[in-house]
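Enquirer: Quick one, what's the 3D model for this:
(one chain, ligands or ions: 3)
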Amino acid sequence: MRFTVTEQDAPGVSFDYEIVFVMEDNIANTADSEALLLAGFGKGSCLDMPGSRRVYVSIKNTEPDTIRRAIAKAVGALKGHQVKSIRMPHMKASLNDDITPALTAIAEAFVLSDYHFDKYMTKKYEPRLEEVFISVSGCDFATARAALEKGRIMAEAANYARAIGNEFPQVFRPQEMTAEAEKLAEGYETMTVESFGRDYLTEQGMNAFLAVNQGSPYEAQLIHVTYKPAGAAKGTVCFVGKGLTYDTGGVNLKSNPYKMKSDKCGAAAALGIVKAAADLGLPFEVHAVLGMTENMIGCHAIKPDDIVTARNGVTIEINNTDAEGRLVLADCLSWAQDMIKPDLIIDMATLTGAVVVGVGKYTTGVLGNSYALMDAFKKKAQASGEFYTVLEGNCYLEPALDSKVADVRNSFSGTPGGATLAALFLDRFIQDEYKDKWLHLDIAGPAYSEDAWGYNPAGATGIPVRGCLYYLMAD
Ligand code: BES
Ligand code: ZN
Ligand code: ZN
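Expert: Numbers count the residues shown, from 1 in each chain. Ligands and ions are numbered 1, 2, ... in the order given. From the prediction side, this is the model:
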């Protein structure tokens, strides 16, 4: 998709359709206001007027996420039309007004709204939007173009993560993720990939990760992707992603594992973030550590009652094979701290159903030990329009992790607060020097959705790719 910056009312711009924003308290001052009022246009409305080739969308302010949602609505209204090019309302910066966040949001919204997982459909979504014209004033064209490009890159990275999350388990197994990461890195001089299988994981004592893989015919993969900027790096950030290409629950079989192809969305997002970091040329070294395996049922599978020794020496009683993500993450987090020694480590995982019960299906739970870090992350990341809620732990919850036969158990049946307890479990694998440099993002709710919402289609959403990028890029 191309974004073209023009002068206001520039001659020679030919477009199929126009999107017109209508301030909700100012409908009367809009062109076509009579027709709009006759049609019952009001707060929250979106009206397609094919006669004038315009879609009118009501907005209550010009905040970036208001703009993203309005564009998503307008694009939705154009479904079925033969629209390949769109003109946007004129964006005007006044003296104290920076329009670059709005321009970034415009590009994000178009690219995010144009994503469709139609790879396996005979009838594709066509035509696809090719060009968006935006006129600006009070902001030089180079700055406007850079803001749009930033938005386009972030949204493309989210779409990339969506595409991986949506792939189905028969074709997308751990080795496919390795191939995907290798293919991605081929396109960048600044990116490298290494991948490790069973022998290496055994050598490393990553028995928690291996235990989850035991029931699967496909070898687990630990994938390490590195983006190193061309110039000096301001610091090193590592994203660790849960990559369960399928989660049946194992011997603690889920009553209905349908949609559990989505359990790889954390790994998909981590890879998407590295892609965007390379495209944007971010001044950080960005690593992704992806823990890829299936969690299957069968005669080789681990059983509730098994005990494993994780890479850091902690013994784990596996009392529920469906609490497998934390086993994979435990070893991947341990590996990443020792091997990468980053300044900040953020894991992302579709980890618990409990987080969805707690904060709803659109919100990511932010957990960790440092309130300052969690709050800063939430504040900066939610500029993306994604929702983040900080979930606090406390020492009284700790005894729930106790096992009678090992150092810790992986599930705490009957104890409320599953998302927080899962984070406390992960904390057992965080070294002292990393306690305050670690964040855990539980994306079980928003990473994958049965229905479309806002600028997210049904299926994988690419959350938290843009949230993490906003965090990295904030001052
Ligand atoms: N992958 C699931 C969590 C999940 C649930 C993701 C719903 C997306 C939507 C995870 O592996 C899991 O099964 N967790 C269990 C943990 C429990 C056994 C302690 C859960 O949340 O029920
Ligand atoms: Zn599970
Ligand atoms: Zn899972």
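Enquirer: Mind picking out the helix or strand in the chain with the poorest mean pLDDT?
Expert: Lowest mean confidence among the helices and strands of the chain (mean pLDDT, DSSP states H and E): strand 91-92, at a mean of 88.
Enquirer: Run the chain-centre distance for that strand.
Expert: Mean C-alpha position of strand 91-92 versus that of the full chain (C-alpha atoms, centre = their mean, to the nearest Å) differs by 30 Å.
Enquirer: Please work out which residues outside it touch it.
Expert: Strand 91-92 is contacted from outside by 99, 102-103, 106, 134-139, 144, using C-beta atoms under 8 Å, 6 or more residues apart in numbering. In short, each C-beta sits where N, CA and C put it, glycine included.
Enquirer: let's see 6 Å
Expert: With C-beta atoms under 6 Å, 6 or more residues apart in numbering as the test, strand 91-92 has contacts from 99, 136-138.
Enquirer: Go through the residues you listed and name the one nearest residue 245.
Expert: The closest of those to residue 245 turns out to be residue 99 (C-beta to C-beta; 42.1 Å).
Enquirer: on that earlier part again, adjacent strands (with direction) for the least confident helix or strand of the chain?
Expert: strand 131-137 (parallel) (DSSP bridges).
Enquirer: Pull the residues that contact the strand it pairs with.
Expert: Contacts for strand 131-137 (C-beta under 6 Å, 6+ apart): 2-6, 8, 13, 15, 85-88, 90-92, 110, 144.
Enquirer: follow-up on the earlier one: which one of the contacts of strand 91-92 sits in the busiest neighbourhood?
Expert: Among the contacts of strand 91-92, the one with the most neighbours (other C-beta atoms under 10 Å) is residue 136, at 25 neighbours.
Enquirer: Quick check: that residue vs ligand 1, distance?
Expert: For residue 136, the distance to ligand 1 (C-beta to the nearest ligand atom, to the nearest Å) stands at 41 Å.
Enquirer: what's the burial count for residue 32?
Expert: 19.
Enquirer: what residues does the stretch 151-300 of the chain put near ligand 1?
Expert: By C-beta under 6 Å from any ligand atom, the residues of the stretch 151-300 of the chain that approach ligand 1 are 247, 263.
Enquirer: mind listing the strands for the stretch 151-300 of the chain?
Expert: Secondary structure of the stretch 151-300 of the chain (DSSP state E, counting those that start in this stretch): strands at 191-196, 221-227, 236-247, 285-295.
Enquirer: the longest helix in the protein is where?
Expert: Assignment by DSSP state H gives helix 141-166 as the longest helix of the chain.
Enquirer: Summarise which helices and strands it is packed against.
Expert: Counting by 3 or more C-beta pairs under 6 Å, 6 or more residues apart in numbering; DSSP states H and E, the packing neighbours recorded for helix 141-166 are strand 2-6, helix 100-113, helix 265-280, strand 459-460, helix 465-473.
Enquirer: re the thing from before, dump the strands of the stretch 151-300 of the chain into a markdown table; add distance to residue 120, mean neighbour count and mean pLDDT as well.
Expert: Output for the strands of the stretch 151-300 of the chain, formatted as a markdown table (distance: least, C-beta to C-beta, whole Å; neighbours: other C-beta atoms under 10 Å; pLDDT from 0 to 100):
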| stretch | distance to residue 120 | mean neighbour count | mean pLDDT |
| --- | --- | --- | --- |
| strand 191-196 | 27 | 18 | 98 |
| strand 221-227 | 24 | 24 | 99 |
| strand 236-247 | 17 | 27 | 98 |
| strand 285-295 | 20 | 28 | 99 |
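Enquirer: distance of whatever residue of the chain ends up closest to ligand 2 from ligand 3?
Expert: Nearest residue of the chain to ligand 2, counting by C-beta to the ion: residue 322, 3.8 Å away. Using C-beta to the ion, to the nearest Å, we find residue 322 at a distance of 7 Å from ligand 3.
Enquirer: Quick check: nearest residue in space to that residue, chain neighbours excluded?
Expert: Nearest residue to residue 322, sequence neighbours excluded (C-beta to C-beta, 6 or more residues apart in numbering): residue 249, at 3.9 Å.
Enquirer: Tell me the pLDDT of the one you found.
Expert: pLDDT, residue 249: 98.
Enquirer: on that earlier part again, average pLDDT for the longest helix of the chain, rounded please.
Expert: 98.
Enquirer: tell me which residues in that helix are buried?
Expert: 143-145, 147-166 (16 or more other C-beta atoms under 10 Å).
Enquirer: pretty sure the residue of the chain closest to ligand 2 is touching residue 252, no?
Expert: Yes. Between residue 322 and residue 252 there is a contact under C-beta atoms under 6 Å: 4.4 Å.
Enquirer: need the residues of the stretch 301-450 of the chain near ligand 2, please.
Expert: By the rule C-beta under 5 Å from the ion, the part of the stretch 301-450 of the chain lying against ligand 2 is 322, 324.
Enquirer: any idea how far the nearest residue to residue 177 once chain neighbours are set aside lies from residue 424?
Expert: The shortest distance from residue 177 to any residue other than its chain neighbours is 4.8 Å, reached at residue 292 (C-beta to C-beta, 6+ apart). Residue 292 sits 25 Å away from residue 424, going by C-beta to C-beta, to the nearest Å.
Enquirer: if we can go back for a sec, write the ChimeraX selection for whichever of the contacts of strand 131-137 are buried.
Expert: Listed next is the ChimeraX selection for buried residues among the contacts of strand 131-137, using 16+ other C-beta under 10 Å:
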select :3,4,5,6,15,85,86,87,88,91,110,144
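Enquirer: Give me the helices and strands touching the host helix or strand of residue 329, please.
Expert: Here residue 329 sits within helix 325-340, counting by DSSP states H and E. In terms of contacts (3+ C-beta pairs under 6 Å, 6+ apart), helix 325-340 is packed against helix 207-213, strand 236-247, strand 285-295, helix 418-427.
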